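Asks: compute the structure for the input listed below.
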Amino acid sequence: MQSLKSVFEKARREGWAVPHFNISNFELLKAVVEAAHEKASPLLIGTSEGERDYIGLETAVALVRAYRETYAFPLYLNADHSYSVETAKAAVDAGYDSIHIDLSKKPLAENIAGTKEVVLYAKNKNPEISVEGEIGYFVTDSSTVYKKDIDVPIESLARPEEAVEFVEKTGVDRLAPVVGGIHGVARNAGHLDIERVGEIHGALPEITLVLHGGSGDPPEEIQAAIVRGIANVHISTDLRVAWREALMKEITREEYAPYKIMGPVVEAVKKIAILNIDIFKSAGRC
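Replies: Okay, here's the model as predicted:
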């Protein structure tokens with residue numbers, strides 16, 4: 001299987017984005033893997049700290065490995081939003097393909113020092129592990145559906161000069177600059193600072209830029225960000241909403257076999273995954 005690094009290089013060169021779909025149970029995993037396989041799209045599976053605690057580090061690694069061997073397409077596992085050096089290292093030790101160390105709410109110097117420590121640890125274990133760092137900060141919580149407008153203050157956004165310093169001092173493979181998106185979804189859409197994306201990409205053309213908080217962003221805005229340099233987009237809330245809505249519908253039926261209840265739920269999540277694969281233009285890129 002090709003390396004994750006080569007997949008990101010291809011995405012940057014050809015102007016599309018690798019989908020990153022978060023999963024927290026088997027049904028979500030089944031849905032997004034089947035979607036990517038059917039669309040011949042590379043896929044990065046993400047598990048947050050909470051999702052890793054629920055699934056188990058080794059279990060997540062084993063499940064993704066089993067699917068990779070079964071379907072034989074570019075499928076990888078990322079330790080999403082690791083908020084400490086210790087949790088990042090634990091994912092490295094468990095066999096994750098990618099680590100997202102997120103110390104973005106700490107002062108820049110601490111963020112740089114901790115991120116660099118994770119980069120060195122991961123590369124010493126396996127040079128093929130891809131490490132992502134983050135700058136700027138999100139003003140919302142993950143997977144919350146806000147029934148109000150959300151304002152994103154300009155001081156929360158990553159600055160190009162800060163991005164250059166961070167990458168040069170840490171040696172990360174990927175950078176997640178906060179560029180106006182939010183975690184979760186809000187009543188108002190259209191937060192992304194597309195010009196800022198282009199400025200950061202212009203300053204760091206060889207670095208893979210990652211867009212977090214893709215759920216709820218208008219497709220045209222995501223595509224504009226990809227044109228300006230984004231090569232990896234994270235989706236979580238949209239998948240969870242589809243899962244919950246389908247489950248609530250199915251659970252009202254007089255049915256007790258879990259696989260009969262969960263079949264339509266998987267299909268609902270799969271539709272959202274396919275929709276995003278089409279938006280990211282990653283179909284047929286395997």
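Asks: for the rest of this, base every contact and every neighbour count on C-alpha atoms.
Replies: OK.
Asks: and the strands in the stretch 51-200 of the chain, which stretches?
Replies: 75-82, 98-101, 130-135, 174-177 (DSSP state E, counting those that start in this stretch).
Asks: now for the last one, which elements pack on it?
Replies: Based on contacts counted as 3 or more Cα pairs under 8 Å, 6 or more residues apart in numbering; DSSP states H and E, the elements that strand 174-177 packs against are strand 130-135, helix 160-170, strand 208-211.
Asks: what about it, average pLDDT?
Replies: Strand 174-177 shows a mean pLDDT of 97.
Asks: name the nearest residue to Leu75, ignoring sequence neighbours.
Replies: Distance criterion Cα to Cα, 6 or more residues apart in numbering; nearest residue to Leu75, sequence neighbours excluded, is Leu43 at 5.0 Å.
Asks: so what's that neighbour up against?
Replies: Contact partners of Leu43, counting by Cα atoms under 8 Å, 6 or more residues apart in numbering, are Val18, Pro19, His20, Phe21, Val33, Ala36, Pro74, Leu75, Tyr76.
Asks: any chance of the helices and strands packed on strand 174-177 in TSV with mean neighbour count, mean pLDDT and distance to Ile55 as columns?
Replies: TSV is the format used below for the helices and strands packed on strand 174-177 (neighbours: other Cα atoms under 10 Å; pLDDT from 0 to 100; distance: least, Cα to Cα, whole Å):
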stretch	mean neighbour count	mean pLDDT	distance to Ile55
strand 130-135	26	97	22
helix 160-170	16	97	30
strand 208-211	26	97	24
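Asks: rebuild these as TSV, extending it with distance to His81.
Replies: Shown next, in TSV, are those (distance: least, Cα to Cα, whole Å):
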stretch	distance to His81
strand 130-135	9
helix 160-170	17
strand 208-211	12
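Asks: could I get stretch 169-177 in CSV with only the CA atoms?
Replies: Only the C-alpha atoms of stretch 169-177 are listed here, as CSV (Å, rounded to 0.1, in the frame of the first residue of the first chain):
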residue,chain,number,x,y,z
LYS,A,169,10.5,24.4,14.6
THR,A,170,8.4,21.3,15.0
GLY,A,171,9.0,19.3,11.7
VAL,A,172,5.3,18.3,11.4
ASP,A,173,4.1,16.7,8.2
ARG,A,174,0.7,18.4,8.3
LEU,A,175,-0.6,21.6,9.7
ALA,A,176,-4.1,22.3,10.8
PRO,A,177,-4.5,26.1,10.9
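Asks: in it, which residues are buried?
Replies: Thr170, Gly171, Val172, Asp173, Arg174, Leu175, Ala176, Pro177 (16 or more other Cα atoms under 10 Å).
Asks: could I get the contacting residues of the first one?
Replies: Thr170 makes contact with Ile112, Ala113, Thr115, Lys116, Val119, according to Cα under 8 Å, 6+ apart.
Asks: make a ChimeraX selection of the buried ones in these.
Replies: Selecting only the buried members of the contacts of Thr170 in ChimeraX, with burial defined as 16+ other Cα under 10 Å, works like this:
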select :112,115,116,119
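Asks: and which of the contacts of Thr170 is nearest Val210?
Replies: Using Cα to Cα, Thr115 comes nearest to Val210 of the contacts of Thr170, at 15.9 Å.
Asks: now do the contacts for that closest one.
Replies: Counting by Cα under 8 Å, 6+ apart, Thr115 makes contact with Val85, Ile101, Asp102, Leu103, Gly133, Thr170, Val172.
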